[in-house]
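>>> predicted model follows, preceded by the sequence.
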Amino acid sequence: MSIAEIGTTEPVDGHTHGYDAHKDDLLKRLRRAEGQVRGIQRMVEEDSYCIDVITQVSAATKALERVALALLDDHLSHCVSHAAAEGGAIAEEKLKEASDAIARLVR
């Protein structure tokens, strides 16, 4: 899947994604991270110094973490807040979903 295929502006079941307003920024960040990963591949192909490669892996990882945190923030302020307003099982489901996503990020 290419970066251009990630997400859509089309609502799913009448629901828009929380990141719709920031989609262009997210795609820009993802393209930058994609470029960093390609740079890392070149570094390995060219037998670059291990520490230099590790430094670039760290930078790419941080870039992806920033994307994930932005998506999580959008999810909390949009999807979870709407579900919380509805209450009931849907709110519990969205809160669990967000909690699980946070747990995956901090592993």
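That came in fine, so what should we check first?

>>> list the contacts of stretch 37-56.
With contact meaning Cβ atoms under 8 Å, 6 or more residues apart in numbering, stretch 37-56 is reached by 36, 57, 60. For glycine as for every other residue, the C-beta is placed from the backbone atoms N, C-alpha and C.

>>> contacting residues around the last one?
Applying Cβ under 8 Å, 6+ apart, we find residue 60 in contact with 33, 36-37, 40.

>>> leaving out sequence neighbours, find the closest residue to it.
Spatial nearest neighbour of residue 60, chain neighbours left out: residue 36 (4.1 Å); criterion: Cβ to Cβ, 6 or more residues apart in numbering.

>>> quick one: what helix or strand has the one you found in it?
If you go by DSSP states H and E, residue 36 is part of helix 23-45.

>>> in that helix, which residues are buried?
Buried positions in helix 23-45, judged by neighbour count with 16 or more other Cβ atoms under 10 Å: 26-27, 29-30, 33, 36, 40, 43.
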